[in-house]
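Colleague: 3D, please:
(chains A and B)
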Amino acid sequence: DAEITQSPRHKITETGRQVTLACHQTWNHNNMFWYRQDLGHGLRLIHYSYGVQDTNKGEVSDGYSVSRSNTEDLPLTLESAASSQTSVYFCASSDPSGGAHEQFFGPGTRLTVL
Amino acid sequence: DAKTTQPPSMDCAEGRAANLPCNHSTISGNEYVYWYRQIHSQGPQYIIHGLKNNETNEMASLIITEDRKSSTLILPHATLRDTAVYYCIVRADPRSARQLTFGSGTQLTVLP
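Modeller: Have a look, this model is predicted:
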């Protein structure tokens, strides 16, 4: 079955380190998204992509970057991790040819920055 | 995208219908209403969406008022596994792949 996976599921890192979170989907969806969720808040968009070589900044993009070299993957990089980036990160994808009404979410990555 | 207002929490008895309200008084004519839910520690899950007409699928029903300023998500026979945070989202032009804007949602607790 097609799916969307994230790795690692849990990560502890130190302030100042570069961290990359992986997102892989097997639906061949053109649209992919990264969100973060903090305690007491809804999901906030970090970056999104409409296809290969396309990336766009979301609501809270400072300190994060993404690249899209193929349809299946959208890795999220924290250039220099900060304690404020401790959060749960969700990746999602959607199919524009199907109307893009439904976004499929991954299981999340819990990141702790010490 | 129009903003939405939902009650922060609701309880429902197991086996009864859960009716979750959402106000979106500034909704525009081309904006859809979406419902997602998030079970604790999991990624959000799509439930249903609608534009003008009421909609039903295997999970739920969506009732949109005639003026489209509010809607209600109905879970016809709530189970304990329906305990989750439910998000009502309004968004225009989904085929442009614009992001979902999540608010605080409603914490639904299904009681045994």
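Colleague: now the strands for chain B?
Modeller: B:9-13, B:18-23, B:31-38, B:45-50, B:55-56, B:61-64, B:70-75, B:84-92, B:106-111 (DSSP state E).
Colleague: between these, which one is nearest to chain A?
Modeller: strand B:45-50 (4.3 Å; CB to the nearest CB). For glycine as for every other residue, the C-beta is placed from the backbone atoms N, C-alpha and C.
Colleague: List the contacts of A:Tyr48.
Modeller: A:Tyr48 is in contact with A:Asn31, A:Met32, A:Phe33, A:Trp34, A:Thr55, A:Asn56, A:Gly58, B:Ala97, B:Gln99, counting by CB atoms under 8 Å, 6 or more residues apart in numbering or on different chains.
Colleague: is it fair to say it lies in a helix?
Modeller: No. Checked against DSSP: H, G, I helix; E, B strand; the rest coil, A:Tyr48 lies outside a helix; its state is strand.
Colleague: Can you check the pLDDT for it?
Modeller: Note on A:Tyr48: pLDDT of 93.
Colleague: sec struct for the spatially closest residue to it that is not a sequence neighbour, please.
Modeller: The shortest distance from A:Tyr48 to any non-neighbouring residue, by CB to CB, 6 or more residues apart in numbering or on different chains, is to A:Phe33 (4.5 Å). Here A:Phe33 is strand, with the state taken from three-state DSSP.
Colleague: wait, doesn't A:Phe33 sit right on A:Gln103?
Modeller: Yes. The pair A:Phe33 / A:Gln103 is scored as a contact, 6.8 Å apart, by CB atoms under 8 Å.
Colleague: Give the residues shared as contacts by those two.
Modeller: A:Ala92, A:Ser93, A:Ser94, B:Leu100.
Colleague: Flag the shaky bits of the chain, pLDDT-wise.
Modeller: No chain specified, so I'll use chain A. Along chain A, segments meeting pLDDT under 70 span A:1-2, A:98-100.
Colleague: Switch to chain B, please.
Modeller: For chain B (pLDDT under 70), the answer is B:1-2, B:93-98.
Colleague: and it, which of its residues are near chain A?
Modeller: B:32, B:34, B:36, B:41-46, B:49, B:87, B:94-97, B:99-105 (CB under 8 Å from any CB of the partner chain).
Colleague: Across the sheet, point out what pairs with the residue positioned nearest the centre of chain A.
Modeller: Centroid-nearest residue in chain A, with CA atoms, centre = their mean: A:Trp34, separated by 2.9 Å. A:Trp34 has these beta-bridge partners by DSSP bridges: A:His47, A:Cys91.
Colleague: my read: it touches A:Val88, true?
Modeller: No. A:Trp34 is not in contact with A:Val88 according to CB under 8 Å; the separation is 11.6 Å.
Colleague: Which one of the shared contacts of A:Phe33 and A:Gln103 is nearest to A:Gln25?
Modeller: A:Ser93 (4.5 Å; CB to CB).
Colleague: Now the closest one: which helix or strand?
Modeller: strand A:87-94 (DSSP states H and E).
Colleague: Show me what that strand is packed against.
Modeller: Here strand A:87-94 touches strand A:4-7, strand A:19-25, strand A:31-37, strand A:104-105, strand A:109-113, going by 3 or more CB pairs under 8 Å, 6 or more residues apart in numbering or on different chains; DSSP states H and E.
Colleague: Pick the most buried one from those strands.
Modeller: Most buried of the helices and strands packed on strand A:87-94, by mean neighbour count (mean count of other CB atoms under 10 Å in any protein chain shown): strand A:31-37, with a mean of 25.
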